[in-house]
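>>> build me a model:
(4 chains)
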There are 2 protein chains.
Amino acid sequence: MTGTAPETARRVTSVARVVEEIRAMLRARELVPGQQVRQESLAARLGVSRIPVREALKSLEAEGVMRHEPHVGYTVTRLNADELAQVYLMRRALETEVLRALPRLSSAQLGELTRLNEAIGADVERVDVAGIVAGNQAFHFTMFGYSGLDLVVEEIDRLWRRSEPYRTVHLYDAESRRRVMREHRKMITALRRGDTEGVVTLMNAHRDLTVSDLHAALGLPPS
Amino acid sequence: MTGTAPETARRVTSVARVVEEIRAMLRARELVPGQQVRQESLAARLGVSRIPVREALKSLEAEGVMRHEPHVGYTVTRLNADELAQVYLMRRALETEVLRALPRLSSAQLGELTRLNEAIGADVERVDVAGIVAGNQAFHFTMFGYSGLDLVVEEIDRLWRRSEPYRTVHLYDAESRRRVMREHRKMITALRRGDTEGVVTLMNAHRDLTVSDLHAALGLPPS
DNA sequence: GTGCGGATTTTTGGATACGAAATGTTGTCC
DNA sequence: GGACAACATTTCGTATCCAAAAATCCGCAC
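Reported below is the predicted structural model:
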């Protein structure tokens, strides 16, 4: 992907790369909540020294993804059922604000959302779960982005990342996968009508179903 | 304050200390939005090497207080009027959730809030602005804490810190200082009645006044 | 065998020094 | 005045080293 990229190849720092690698490891469930992260081995694995790794971990700690205990080390944050519920409570509160701030969308914007949802459809056919997760995120954040509330959207992004280690579990049965697409289509319809409150309601139902899927899949983690 | 502290003297890392020092510099307006931070000079000033400084800055960057541009350096995040409004929008959304989750407070809890508000009163007499700011924060977060929604409260804390460089300006006239105390008293009264919605309304008015004070004091920053 | 206490090993926290890369600045030439 | 090249500054990243704190291991007493 870095390959021969011409101009967009923004010379990125090691730290940013390490952060992304760690996120990918979380999505791939190569790192799971509660697990301890060894600085040295992670550095060796990513081909960098310990310093950028430590900076990356500090960054993820500030974000809530990692936990740090002095002289013991970093572990992936483990959320219990109550904490996970709080993350979703915050998502509901902030996403509602963003949706209420949406202007009437142009047909180009509506077309883009439709296109993104159809891309999810293709991944559903292929049963490409990672693709569905990525596509779903793209769909939601493209919609949020139309609000113009960039700081709020960034904050929502942080909240999504915080539940990343937990979010990948659901979507295992074919029915939930198709349901996601259907609900997205309903949202697009409501947006076309300019029915903001309708979108808020749909989104809340959409999110709540994800939460209950998640609870079922996890059987509410003990700690 | 660290002094001879016996057991509670949790051996704290340099990084945590540097983060706190930077926050203090922000409160003291020794660092102002847009200003560039030189790693080496900051390290020398705080008597540490560059490593903990860089980790501290990364942490503050993830929090939104600092901005980083590769090979150029860190600068204090500068918020324009619109962005500041977004921070306050998020505060309203999340603080409302927290207040709605408040249980009926015990008389000990109500007493504690009263005590904290009276402490602010003492600082108002002394015209100790830094003390008022600290006391105000203590009052609000003690109240928020009673909700039990610790993750949401942490997030609100982050939002407060994000507007820290801007928040210290208001409270310059005697009347606003006394107004703060009066409004706090009204909130305590509403809490005693268990009137959650009343507290939400009072808090929104309280916050909005701060925002307009702030806008007036800053004359909405240009960038 | 089991539990306890101390020594060893591992890991983290931090300092220092160095090289490489990028940015910004200065000065010269046209 | 504007373009371009040399220079200084700063950041990014590595390597190496040491201290301190944890975790682990081991032997001893019971």
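>>> output the below-cut-off pLDDT ranges for chain A.
Low-confidence segments of chain A, defined by pLDDT under 70: A:1-11, A:168-171, A:216-223.
>>> need the residues of it near DNA strand D, please.
A:13-15, A:47-52, A:70-72 (CB under 7 Å from any atom of the strand). C-beta: built from backbone N, CA, C; applies to glycine.
>>> so which of those residues sit within helices?
Within the residues of chain A next to DNA strand D, residues falling in helices by DSSP state H are A:14-15, A:50-52.
>>> which one of those residues is nearest to B:G194?
A:V15 (49.0 Å; CB to CB).
>>> so what's the residue count around whichever residue of chain A sits closest to chain B?
Nearest to chain B in chain A, going by CB to the nearest CB, is A:A62, at a distance of 3.6 Å. Using other CB atoms under 10 Å in any protein chain shown, A:A62 has 21 neighbouring residues.
>>> residues contacting the spatially most central residue of chain A?
Compute the mean C-alpha point of chain A, and by CA atoms, centre = their mean the closest residue is A:W160, 4.0 Å away. Residues near A:W160 by CB atoms under 8 Å, 6 or more residues apart in numbering or on different chains: A:91, A:137, A:167.
>>> could you do A:L149 as well?
A:97-98, A:101, B:86, B:89.
>>> would you list the phi and psi of it?
Main-chain dihedrals, A:L149, degrees, to the nearest 10: phi -90, psi 70.
>>> nearest residue to A:L113 other than its sequence neighbours?
Nearest non-adjacent residue to A:L113, counting by CB to CB, 6 or more residues apart in numbering or on different chains: A:I188, 5.4 Å away.
>>> so that neighbour belongs to a strand, correct?
No - going by DSSP: H, G, I helix; E, B strand; the rest coil, the assignment for A:I188 is helix, not a strand.
>>> gap between the residue lying farthest from the centre of chain A and A:A62?
No residue in chain A sits farther from the centre than A:H71, which is 30.4 Å out by CA atoms, centre = their mean. A:H71 sits 19 Å away from A:A62, going by CB to CB, to the nearest Å.
>>> could you list the domains of chain A?
A:14-76, A:81-218 (automatic domain parsing).
>>> nearest to DNA strand C, of those?
domain A:14-76 (3.6 Å; CB to the nearest atom of the strand).
>>> how long is that closest one end to end?
Chord length of domain A:14-76, first to last residue, is 21 Å (CA to CA, to the nearest Å).
>>> equivalent analysis for stretch A:40-53, please.
9 Å.
>>> helix/strand/coil for the residue nearest to the centre of chain A?
Note that with three-state DSSP, the state of A:W160 is helix.
>>> not counting its neighbours along the chain, what's nearest A:A85?
Nearest to A:A85 is A:V211, by CB to CB, 6+ apart, at 7.5 Å.
>>> tell me how far stretch A:140-150 lies from the chain's centre.
Centre-to-centre, stretch A:140-150 and its host chain are 14 Å apart (CA atoms, centre = their mean, to the nearest Å).
>>> okay, now A:H206: neighbour count?
18.
>>> an error on my part: the question was meant for A:P70.
Neighbours of A:P70 (other CB under 10 Å): 11.
>>> wait, it sits on B:V12?
Yes - judged on CB atoms under 8 Å, A:P70 makes contact with B:V12 at a distance of 7.1 Å.
>>> ok, the closest residue to the residue of chain A closest to chain B other than its chain neighbours to B:M143 distance?
Nearest non-adjacent residue to A:A62, counting by CB to CB, 6+ apart: B:A62, 3.6 Å away. Distance of B:A62 to B:M143, computed by CB to CB: 27 Å.
>>> and stretch A:55-74, anywhere near DNA strand C?
Yes - counting by CB under 7 Å from any atom of the strand, DNA strand C has neighbours in stretch A:55-74: A:68, A:70-74.
>>> from the residues you listed, which ones fall inside strands?
Judged by DSSP state E, the subset of the residues of stretch A:55-74 next to DNA strand C located in strands is A:68, A:73-74.
>>> now flag whichever of the residues you listed is closest to B:Q36.
Checking those one by one against B:Q36 (CB to CB), the nearest turns out to be A:H68, at 27.4 Å.
>>> so what's the closest one bridging to?
A:Y74 (DSSP bridges).
>>> could you list every residue that touches it?
Counted by CB under 8 Å, 6+ apart, A:H68 has contacts A:57-58, A:61, A:74.
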